[in-house]
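[1] missing the sequence, but the structure's below:
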């Protein structure tokens, strides 16, 4: 690949692809459209996007075929468990989307209710590396039955006693008569890189991209709140505002008993937060998203 352009690996399709493209768009990266289904070129940055299978991304980054990659932590660490040559990879940034959990589950009406109950039993999973590592750390020996898909049907058809699979809502487990009893691994999308990349130019571009990503992530987690509040209750209002140390307080024209409060809140703003603000006299409360942030 070019030593002057950063090559970023991303999944072709799926939640990781959708989240990755959205992140790049919000970070101001304009991708050119072309006939090439493998490579997309950025118009305004020295950046090329390579679209490949998610389970290939760690290997592409490790070998230098790509400089950075967006991949699920579950895929990254499962692959690293299987291949020692991927030890040169590291997480550059957690991206905050595509969150899921790798969980152990067993039939609801069965006798497996805890990790210890798996001793001497079999576990069907698409993540034998992470599952075996977890069980070993808990002192439990179980047989790994590796499956590429449809893991949740394994106990029903007698392939395994329990399963270890990715869970988001739990609806699939419930539909197959299974109940989760332990979380093995919590995952989200991460930006990975190869340690000690020799290209200074590529790392400069990567530093800019990471800075923009951090701004996008921060803006997603923050809200801008505007409200009017009684002058004598500002301390109560400030105590209620989530994740804000110093709101801006400004006078309201023609009113000495009321001030305008502007605040950037770094924690989630719930309806209950607005109700508490109203209870201490706040009025005209507005909560708005923040499009971009940079510290």
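    Structure's in. What do you need? Everything quoted here is computed from the prediction, not taken from an experiment.
[2] mind pulling up the pLDDT for residue 207?
    Looking at residue 207, its pLDDT is 94.
[3] give me the number of residues near it?
    11 (other C-beta atoms under 10 Å). For glycine as for every other residue, the C-beta is placed from the backbone atoms N, C-alpha and C.
[4] state the distance from it to residue 201.
    Distance, residue 207 to residue 201, using C-beta to C-beta, to the nearest Å: 11 Å.
[5] tell me the contacts of residue 175?
    Neighbouring residues of residue 175 by C-beta atoms under 8 Å, 6 or more residues apart in numbering: residue 152.
[6] may I have the phi/psi pair for it?
    Per-residue torsions, residue 175: phi -60, psi -20 (degrees, to the nearest 10).
[7] for the stretch 151-295 of the chain, what spans make up the helices?
    For the stretch 151-295 of the chain, the helices defined by DSSP state H, counting those that start in this stretch cover 154-157, 171-175, 200-220, 234-240, 271-279.
[8] list the buried ones in the first one?
    For helix 154-157, a neighbour-count test (16 or more other C-beta atoms under 10 Å) marks 154-155 as buried.
[9] wait, residue 289 sits on residue 225?
    No. Taking C-beta atoms under 8 Å as the definition, residue 289 is not a contact partner of residue 225, at 11.2 Å.
[10] looking at those two, which has the bigger crowd around it?
    For the pair residue 289 and residue 225, the greater number of neighbours falls to residue 225 (24 against 9), based on other C-beta under 10 Å.
[11] not counting its neighbours along the chain, what's nearest the more buried one?
    If the residues on either side of it in the chain are set aside, residue 225 comes closest to residue 263, at 4.8 Å by C-beta to C-beta, 6 or more residues apart in numbering.
[12] can you list the helices of the stretch 151-295 of the chain in JSON lines and add distance to residue 27?
    JSON lines is the format used below for those (distance: least, C-beta to C-beta, whole Å):
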{"stretch": "helix 154-157", "distance to residue 27": "41"}
{"stretch": "helix 171-175", "distance to residue 27": "33"}
{"stretch": "helix 200-220", "distance to residue 27": "4"}
{"stretch": "helix 234-240", "distance to residue 27": "32"}
{"stretch": "helix 271-279", "distance to residue 27": "29"}
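[13] of those helices, which approaches residue 38 most closely?
    helix 200-220 (19.4 Å; C-beta to C-beta).
[14] just list what that closest one packs against, helices and strands only.
    Helix 200-220 sits against strand 6-11, helix 15-26, strand 89-94, strand 189-194, with contacts defined as 3 or more C-beta pairs under 8 Å, 6 or more residues apart in numbering; DSSP states H and E.
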